[in-house]
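[1] Here's a sequence, model it:
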Amino acid sequence: MSFINENVIPGEHGKVFETNAKNPEDVKKIQASILAVEGVKDVLVDLNSFPVALTVHTSVVVNIEEIEKVVQKDGFHAIPKALFPL
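    This next block holds a predicted model:
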């Protein structure tokens with residue numbers, strides 16, 4: 001793994017995560033949990049995609065595992081999309 005694959009880097013692109021949550025209330029709960037992580041600036045939600053996509057923007061470097069752990073506490077998964085499609 002590389003630094004870019006293990007962290008969310010500050011900037012306008014952010015990092016896209018996919019979640020298995022389908023209910024809009026569950027997605028709002030996940031969004032709030034991710035926003036509570038130190039360094040997370042905002043979380044944009046795309047409910048029209050399948051699976052639901054969450055774009056996370058940060059003000060500092062944030063480890064992806066931190067985001068995955070807070071979402072798992074809500075009973076769901078947040079899996080980062082690959083940097084480059086295969």
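[2] What is the least confident helix or strand in the chain by mean pLDDT packed up against?
    The least trusted helix or strand in the chain, going by mean pLDDT, DSSP states H and E, turns out to be helix 3-6, with a mean of 88. Helices and strands touching helix 3-6, by 3 or more CB pairs under 8 Å, 6 or more residues apart in numbering; DSSP states H and E, are helix 64-73. For glycine as for every other residue, the C-beta is placed from the backbone atoms N, C-alpha and C.
[3] Need the residues that contact the helix it packs on.
    Here helix 64-73 makes contact (CB atoms under 8 Å, 6 or more residues apart in numbering) with 5-8, 15, 17, 19, 30, 33-34, 36-37, 40, 56, 77-80.
[4] what are the pairing partners of the helix or strand that the least confident helix or strand of the chain is followed by, and which direction each?
    Once the chain leaves helix 3-6, the next helix or strand it forms, by DSSP states H and E, is strand 7-8. Applying DSSP bridges, strand 7-8 is found paired with strand 62-63 (antiparallel).
[5] And the contacts of the least confident helix or strand of the chain?
    Counting by CB under 8 Å, 6+ apart, 63-65, 80, 83 sit against helix 3-6.
[6] For the protein, which helix extends over the most residues?
    Assignment by DSSP state H gives helix 24-35 as the longest helix of the chain.
[7] Can you mark which positions in that helix are buried?
    For helix 24-35, the neighbour count (16 or more other CB atoms under 10 Å) marks 26-27, 29-31, 33-34 as buried.
[8] Let's have these in TSV, adding pLDDT.
    Conversion of the buried residues of helix 24-35 to TSV gives the following (pLDDT from 0 to 100):
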residue	pLDDT
26	97
27	97
29	97
30	97
31	97
33	97
34	98
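[9] State the pair within those residues that is farthest apart.
    26 and 34 (12.8 Å; CB to CB).
[10] three-state assignment of the spatially most central residue of the chain?
    In the chain, the residue lying closest to the centroid (CA atoms, centre = their mean) is residue 17, at 4.3 Å. Assigned with DSSP: H, G, I helix; E, B strand; the rest coil, residue 17 falls in the strand class.
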